[in-house]
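Chemist: got a predicted structure plus its sequence, pasted below:
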Amino acid sequence: MSKLNNHFDEIAMSEELQKRTLDRIDNAKTAKHKNTASQAVAWYKNKRLWIKGLACALVLAISLPLLLSMPFFNNGNRPRVHPPVLGATHAFAVTDQAHLNSLFEIEEVRPTNGRSPMFACSSADGDNILHGNRPDSDNAVGGNAPPASPPENDRNDGATSETNIQVDGMDEGDIVRNDGNYIYRLSGAGLTIVRTDRGQVYHVLTKHYQNFAPVEMIVQGNIMIILGGTRQGAVPYWMLNEMSHRDLQWINRWHDRVQIRVYDITNRQNPVLTRFLEIDGRFNTSRVRIETGTLFFVADFFASTWTWCYQTHRSTRQIRMPYFRECIDAPLVRFPFDNLFYTVKNKRMRSFMLLGRIDLHDNLASANIRGYLSGGDIISVSTRNLYTATTVWGRERRQWVDRTHISRFCLETLVFSGTAVVLGTPPSRHAIDEHNGYLRVATTYGDWWRSAWDDSVYFASAVFVFDSDLNLVSYILGIAEGETMDSARFNGDFGFISTSPPWLIWDPLYTIDLTNHHNITISEGLETDGINQYLRHVGDTGLAIGIGQDALPEGAALQTGIKIELYDMRIGTGKEPVSLSKYTIYGEWTSAEVLFEPRALLFWFCEDSLIGYVGFSAEAAGMRTVWDNVRFAQGFYLWRINANEGQKGLEFLGDTRLERLARVNAPTPGSQWVWEYVWVEMLLPSFSNFDTSVDVLFDWSNWRQVMQSYIYRAVLNQGYLYTVSDNMIAGYCMVTRQRVGYFAG
């Protein structure tokens, strides 16, 4: 009985245990449910946070460009005026070769070929060419040489032109010179001198050179300076003898030494060499201060070069020093370290700028030459200083910004005197000018090249003014937003600026009032067809001449020809310029040297009579049909300038003819190109070596002979005009435009 009771007790305990177990299960389910609910709440909270975060990111992505476009955030698109760092103020001397190597941050490497950097050469003859070539020869090419001194009746009151220079009093070299009685011509073969007499041309001298390519010359009275280049190895005579004037323009590409020869030309038949200088480098530019008779020149010498080392089987970079000599019989000597300087330590430095000064009146005085470890993309010279402009691109506020460092060098001492930093890049040397101690610079700034695929980029033009200490005193920003500067020119207290869209030929023209350098102002722009690639003031009349490419109204991607236009700049009135006269030499492929070489322009103006002449050589070429490209004419085009009140304008001194041309009509780069045929009044050259009644056609078999007949310069001598080509110098009467005499050779 007791065992049975114990059994029932066990069953009861099991029921109680079962109940407890069920309670535990219920409690566990309740806890699990609570945990699941809390996890769900947390997940939904996280989900809302993610949604809010994505929404904020989306709103930020949409609003950020709008915020950046606001003026407060737009500093990246509109670069600041003041540079992030100041320009150099002092120049430091280079002590020795090790110091020079440290500036370039390379180790000293000796040449592996055992050859010295430059050859030490000498010559037995006084005016002999280097490396054993035969001496210069004076060869008469035709005609009888007249007496060296012209008769007294050679001079009259006729117009006599000079080289078109940038600054009065600072003469510039050119390939053709004129002194009123003689014309001097440089070609690949050498020097030619002719005497002029009322349209007649008499040969005086032809002087050939060997291994010397003359680049430009300057004639001052009885002193003639010829500057050119030569090479270490001899150049074949036929190469220089057949070199045309266009080949001469690119002679700087191959010569590695600069030669300066100064002659006494009292007797034009027998020039006497009085000064000689040869220095390593490539010729850059030269000036002669007329008042003091001082020659200044600039040459570029590449200091570092890459050489292959056969021992290490790798290329190394070595530093070379320039060699020079002042006597043609003396050996070459190395440029002294005492005359070598640097302004900023920059491992990217690659070249020296050799700045020289020669006294033309003292043949015994040595040349003063100083070298600077710097280069200049643009060189501009005033009567007192020389300026070099180097553009540097840098990252500022998430954008690439171009800034130009303008270094100043005193011409009297050749000493570096400071640097001014401007925003943007000057278009040419005419955009840098000095007047009454103030430096004026016109630039274009901004990423204009990106406008081809990005319409949101910002670019414009600016004008900066610095005092004699190169402190910024005044500036104008935001000139012609969305356009680049094609040309600029300063004339005393005023300046002219021409701008256009980057991909269109369409030109607004502005006048800058610089009478108060501390508060400069700008006029409203005059919108004209085409662009002005060169601007030239007409004395102090307030008129200006613009030469450039012409185009259809409201701009186009292709030119319709080359234009010359006379403007009334309304100086001092604050009003926009006014176009007075315009002429176009039609043809899509019409070209003229004056567009990139201002010295090719003939300009003469009389301040008393307010009458002058302006002209340039050009090749008119275009399409007569869709498939026919024709050279219509080549020659010299001449205009008469009248600046008298009520008669202001240009008068073309030449003939015209109607010509049917095929033209591509594309007003904007994105529009559809449409061929159309138009009748235009074609300007024929005023003076030409070809028959202007027919087209100038030639093939590859006679192209050199035709090119040698191209007129590339013209001068006015005592009221007569003389055209110059490689094979002819011809004189013309200005009234009848008929040829009077010529010299062939």
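Modeler: All right, it came through fine. Worth saying up front: this structure is predicted, and the values here are computed from it rather than measured. Residues are numbered from 1 along each chain as shown.
Chemist: the closest residue to Glu659 other than its chain neighbours: which element?
Modeler: The shortest distance from Glu659 to any non-neighbouring residue, by C-beta to C-beta, 6 or more residues apart in numbering, is to Met682 (4.0 Å). Bear in mind the C-beta positions are built from the backbone N, C-alpha and C, glycine included. According to DSSP states H and E, Met682 maps onto strand 674-683.
Chemist: is it true that the residue nearest to Glu659 touches Thr656?
Modeler: Yes - using C-beta atoms under 8 Å, Met682 is in contact with Thr656, at 6.3 Å.
Chemist: who has more neighbours, these two?
Modeler: Met682 (22 against 12; other C-beta atoms under 10 Å).
Chemist: and the more buried one, what's its pLDDT?
Modeler: If you check Met682, the pLDDT there is 92.
Chemist: same check on Thr625?
Modeler: In this model, Thr625 carries a pLDDT of 79.
Chemist: repeat for Val288
Modeler: pLDDT at Val288 comes out at 95.
Chemist: where do the strands sit along the stretch 351-500 of the chain?
Modeler: Taking DSSP state E, counting those that start in this stretch as the criterion, the stretch 351-500 of the chain carries its strands at 351-359, 368-372, 378-381, 385-396, 399-410, 416-423, 432-435, 438-446, 459-466, 472-479, 484-491, 494-500.
Chemist: rebuild the ones you listed as CSV, extending it with distance to Gly635, mean pLDDT and mean neighbour count.
Modeler: Output for those, formatted as CSV (distance: least, C-beta to C-beta, whole Å; pLDDT from 0 to 100; neighbours: other C-beta atoms under 10 Å):
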stretch, distance to Gly635, mean pLDDT, mean neighbour count
strand 351-359, 38, 91, 22
strand 368-372, 42, 92, 22
strand 378-381, 32, 93, 22
strand 385-396, 36, 84, 17
strand 399-410, 39, 86, 20
strand 416-423, 41, 91, 22
strand 432-435, 33, 95, 22
strand 438-446, 34, 93, 24
strand 459-466, 36, 92, 24
strand 472-479, 38, 92, 16
strand 484-491, 25, 92, 25
strand 494-500, 27, 91, 26
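Chemist: okay, and the helix or strand of this protein with the least pLDDT?
Modeler: The helix or strand of the chain with the lowest confidence, counting by mean pLDDT, DSSP states H and E, is strand 137-138 at a mean of 38.
Chemist: out of the strands of the stretch 351-500 of the chain, which gets nearest to Asp540?
Modeler: Closest approach to Asp540 among the strands of the stretch 351-500 of the chain (C-beta to C-beta): strand 484-491, 8.2 Å.
Chemist: show me what that closest one pairs with in its sheet, parallel or antiparallel.
Modeler: strand 494-500 (antiparallel) (DSSP bridges).
Chemist: could you point out which element follows the partner strand?
Modeler: strand 506-513.
Chemist: who does the helix or strand that that next one is followed by touch, helix- and strand-wise?
Modeler: Counting by DSSP H and E, the element after strand 506-513 in chain order, helix or strand, is strand 521-522. The contact analysis (3 or more C-beta pairs under 8 Å, 6 or more residues apart in numbering; DSSP states H and E) places strand 521-522 against strand 472-479, strand 506-513.
Chemist: paired strands for the helix or strand just after the least confident helix or strand of the chain, with orientation please.
Modeler: Note on strand 137-138: by DSSP H and E, the next helix or strand toward the C-terminus is strand 170-172. The strands beside strand 170-172 in its sheet (DSSP bridges) come out as strand 282-289 (antiparallel).
Chemist: contacting residues for the residue nearest the centre of the chain?
Modeler: Among the residues of the chain, the one closest to the centroid is Ser428, at 4.7 Å (C-alpha atoms, centre = their mean). Contact analysis of Ser428 by C-beta atoms under 8 Å, 6 or more residues apart in numbering lists Ile378, Ser487, Ala488.
Chemist: state the distance from it to Tyr534.
Modeler: Using C-beta to C-beta, to the nearest Å, we find Ser428 at a distance of 9 Å from Tyr534.
Chemist: anything in contact with each of these two?
Modeler: In contact with both Ser428 and Tyr534: Ser487, using C-beta under 8 Å, 6+ apart.
Chemist: picking that back up, ok now the strand holding Met682, how far from the chain's centre?
Modeler: From the chain centre to the centre of strand 674-683 is a distance of 33 Å (C-alpha atoms, centre = their mean, to the nearest Å).
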